[in-house]
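S.K.: Quick one, structure for this:
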Amino acid sequence: MARVGARRGPAAFPSSNSSSSSRGRRRPRGRFLWGVENDKRRAVLAVRARSQEEEQEEERARLELELFNDAIISSSTLGDGTDGATASWSGLPRNPRPDPRVMALWRGAHAVCFDIDCTVAKDDSLDALAAFLGKGDEVRQWTNRAMDGGVDLETALEERMRLIDPTPAQVADFLRAHPAGQRLNPGIRRLVRALQQRGVAVYLISGGFRELALPVARELGVAPDCVFANRMLFTADDETGLPTRFAGFDAREPTCRRGGKPEVIESLRALHPYENVVMVGDGITDLEAATEGAADCFVGYGGTVLRPEIAQRADWLVYSFDELFSELARHRVAFVGSGAWACAAAKLAGENSRRSDLFEDQVAMWVYEEEVEGRPLAELINERKENVKYLPGVPLEGVRCTSSLAEAVEGATAIVVCAPHEFVHGIMNQLQGRVASDAIAISLTKGMRIRPEGPQLISELVRRKLGVDCSVLMGANIASEIGAGQLSEGTIGYKVLSNALVFKQLFQTDAFNITMVPDVEGAEMCGTLKNVVALAAGFSDGLGMGSNTKAAIIRQGLAEMRRLSKKMFPCVRDETFLESCGVADLVASCYGGRNRRVAEAFARAGGEKSMEALAGELLGGQKLQGALTANEVHQVLESNGWTDDFPLFTTVWKIVNGLADVQSITSFMAIQH
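M.R.: Next comes the predicted model:
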């Protein structure tokens with residue numbers, strides 16, 4: 001097996017014929033199907049040519065090869081191409097579990113390149129086309145001559161195409177008679193789909209022809225510009241101007257010559273910042289792709305035909321795409337927090353994690369240690385599959401709760417922070433050094449941390465304390481409605497798109513739609529400031545004021561949200577305020593959120609009860625974020641001399657702190673004039 005990391009150079013590839021008469025002969029170029037009998041004869045010759053010191057090791061390899069030949073299964077018995085079908089490979093020689101470095105390269109691949117013939121597809125497309133046109137035996141003779149080392153592979157390719165001599169109509173007839181979907185090897189669809197879900201670029205690199213490769217690409221959802229193959233050339237009819245006769249192939253395509261596949265991968269790496277590239281294939285030119293500057297490792301596929309050199313030299317030998325699929329990296333999800341919104345989001349995550357191969361089946365959730373009905377809340381949630389205190393009646397399938405913060409995040413690679421914002425700093429201090437360096441995080445917490453040196457958003461706090469990227473999920477997402485499966489939406493603000501896509505797959509459902517914006521600060525500021533406006537709307541409702549008044553409050557609130565966000569973070573985008581995290585969340589909170597509800601009760605009580613007392617009565621232990629945020633926002637305004645520029649925020653702060661009567665909620669109209 002070749003060493004991983006230091007990519008192979010040309011010297012790693014021995015002559016295709018090790019007899020003395022072939023020394024110095026240029027290696028055949030191209031890739032063709034190796035017959036089992038050919039493989040056996042070539043393997044025996046190789047054993048005889050080896051030195052005495054290698055005899056014992058080679059004897060073991062020879063015996064393994066004979067076991068393979070005795071147990072070989074033809075491609076016609078490998079299944080019907082149905083996704084997930086797995087052939088029975090008992091008796092075939094298997095490589096041990098690959099080196100940990102190989103596994104790390106596979107799980108951390110940024111791009112995976114697949115050969116098509118006898119890898120993605122069950123057959124060699126040229127041989128299949130030749131058989132369809134009644135020239136299979138003649139073409140196969142050239143294939144065997146090439147595999148025997150008796151003819152240059154490029155010459156063999158030319159002769160094969162000369163014998164086939166296809167017209168465009170015949171190629172089209174072949175493709176109709178042999179649909180790409182029926183030619184695919186079992187499990188390849190699922191594997192490609194899983195790679196794409198993870199943001200891994202998928203390429204098809206074939207020594208065959210583009211005309212035969214594109215239908216396969218379409219079947220797998222691979223874009224045409226991610227397909228690299230030779231091109232057939234045709235001459236046009238003088239009268240009709242339509243292509244009618246085969247005229248050769250385009251020699252400018254790198255895949256028509258030896259060294260073409262590594263050349264393609266080198267060009268891809270020059271265009272894209274891929275750190276890890278994996279090549280998957282069944283032939284020598286696929287193995288050759290793992291050279292210096294090209295692929296980082298080579299996965300040999302023996303599901304259609306096993307070639308001795310591939311069995312011996314592949315970094316990882318597999319017989320089924322299910323083997324590759326099962327070893328893909330899967331995120332372990334952990335929730336930090338267990339309030340109503342956390343449980344509503346965990347319901348979505350628990351359902352999606354069981355449906356998607358991107359995540360482990362079970363979601364962990366940290367529950368603050370408290371007792372309900374005389375028992376620990378975490379224990380009750382695990383037993384009854386619902387949070388009986390904060391979100392009763394909403395099932396939490398696939399969620400496992402614990403009161404140990406360290407246990408909840410152990411091994412987690414996708415961390416969801418959804419705790420009251422005033423507690424997040426202390427929680428993050430406890431988590432420092434306990435989170436994997438390659439983890440990603442998302443904050444569902446709405447609020448900011450006020451410090452002497454200035455305010456800090458929760459996402460930035462998480463990012464600094466844990467040393468991981470942190471996106472945010474904000475929006476019109478009242479927990480009880482999401483828990484009930486009502487149509488809702490949210491916005492993910494991100495800095496790293498690939499991480500945002502992971503969380504979108506974790507949370508999005510048919511009833512919960514997610515949009516994404518490259519604006520963490522804007523989305524998070526919207527989620528923070530709307531709670532202050534919701535208090536104003538609640539005061540208005542409690543005083544019995546009408547729709548016009550509430551509309552004016554919402555309009556002014558949105559304007560102040562935008563103005564303050566851009567003052568604090570000039571990078572904030574105006575269009576973010578038109579997303580669910582902006583105007584939609586603001587409207588929902590001003591009509592149905594808990595801050596509005598407590599503020600309404602406060603106004604109706606005429607100030608006889610404090611907001612804290614009302615929150616205790618109405619929210620069942622949940623925190624009232626609006627009043628705390630109003631105080632934090634005022635500190636920012638006062639320290640910067642901005643209070644006069646934000647009359648609605650200032651008025652709400654005065655009412656919350658007893659410095660103004662609740663009836664003064666509309667006074668912001670006079671202040672701004």
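S.K.: Would you agree residue 320 is in contact with residue 303?
M.R.: Yes - using C-beta atoms under 8 Å, residue 320 and residue 303 qualify as a contacting pair, with a distance of 5.7 Å. For every residue, glycine as well, the C-beta is placed using N, CA and C.
S.K.: So for the two, which sits in the more crowded spot?
M.R.: residue 303 (27 against 23; other C-beta atoms under 10 Å).
S.K.: ok, the more buried one touching residue 317?
M.R.: No - between residue 303 and residue 317 no contact is recorded; they are 10.4 Å apart, counting by C-beta under 8 Å.
S.K.: between those two, what contacts are shared?
M.R.: Listed as contacting both residue 303 and residue 317 by C-beta atoms under 8 Å, 6 or more residues apart in numbering is no residue at all.
S.K.: Could you tell me how many residues sit around the nearest residue to residue 187 once chain neighbours are set aside?
M.R.: The shortest distance from residue 187 to any residue other than its chain neighbours is 3.5 Å, reached at residue 321 (C-beta to C-beta, 6 or more residues apart in numbering). Neighbour count of residue 321, defined by other C-beta under 10 Å: 28.
S.K.: Surely residue 321 touches residue 193?
M.R.: No - the pair residue 321 and residue 193 fails to qualify as a contact (C-beta under 8 Å) at a distance of 11.3 Å.
S.K.: Any stretches of the stretch 1-150 of the chain with poor pLDDT?
M.R.: Low-confidence regions of the stretch 1-150 of the chain, defined here as pLDDT under 70, cover residues 1-96, 144-150.
S.K.: and the gap between the residue nearest the centre of the chain and residue 627?
M.R.: The chain has residue 198 as the residue nearest its centroid, 2.2 Å off, counting by C-alpha atoms, centre = their mean. With distances taken as C-beta to C-beta, to the nearest Å, residue 198 is found 42 Å from residue 627.
S.K.: hmm, back to that, show me the contacts for the residue nearest to the centre of the chain.
M.R.: Applying C-beta under 8 Å, 6+ apart, one finds that residue 198 lies in contact with 328-329, 358, 502.
S.K.: Number of residues surrounding residue 610?
M.R.: 14.
S.K.: now the strands: where do they sit in the stretch 501-650 of the chain?
M.R.: Counting by DSSP state E, counting those that start in this stretch, the stretch 501-650 of the chain forms strands over residues 512-517, given from the N-terminal end onward.
S.K.: likewise the stretch 351-500 of the chain?
M.R.: For the stretch 351-500 of the chain, the strands defined by DSSP E, counting those that start in this stretch occupy 363-366, 371-372, 375-376, 399-402, 414-417, 440-443, 448-449, 456-457, 469-474, 488-493.
S.K.: Give me whichever of those strands is most buried.
M.R.: The highest mean neighbour count among the strands of the stretch 351-500 of the chain belongs to strand 469-474 (a mean of 28), with neighbours defined as mean count of other C-beta atoms under 10 Å.
S.K.: Settle this for me: residue 444 is touching residue 418, isn't it.
M.R.: Yes - under the criterion of C-beta under 8 Å, residue 444 makes contact with residue 418 at 4.0 Å.
S.K.: Name the residues contacting each of those two.
M.R.: 337, 341-342, 345.
S.K.: Just the closest of the residues you listed to residue 212, please.
M.R.: Top of the list for closeness to residue 212, among those and by C-beta to C-beta, is residue 345 at 46.6 Å.
S.K.: and that closest one, what helix or strand is that in?
M.R.: With elements delineated by DSSP states H and E, residue 345 resides in helix 340-355, which encompasses its position.
S.K.: By mean pLDDT, which helix or strand of this structure comes out lowest?
M.R.: In the chain, the helix or strand scored least confidently by mean pLDDT, DSSP states H and E is helix 36-49, which has a mean of 38.
S.K.: quick one: buried residues of the helix holding residue 345?
M.R.: 340-353 (16 or more other C-beta atoms under 10 Å).
S.K.: what's the angle from that helix to strand 469-474?
M.R.: Interaxial angle of helix 340-355 relative to strand 469-474 (axes from the mean of the first three to the mean of the last three C-alpha atoms, to 10 degrees): 110 degrees.
S.K.: Can you spell out which helices and strands pack onto helix 340-355?
M.R.: Of the remaining helices and strands, those touching helix 340-355 by 3 or more C-beta pairs under 8 Å, 6 or more residues apart in numbering; DSSP states H and E are strand 333-336, strand 363-366, strand 399-402, strand 414-417, helix 479-483, helix 497-507.
S.K.: Quick one: closest of these to residue 206.
M.R.: helix 497-507 (27.4 Å).
S.K.: Would you mark the buried spots in the closest one?
M.R.: Across helix 497-507, burial judged by 16+ other C-beta under 10 Å covers 499-507.
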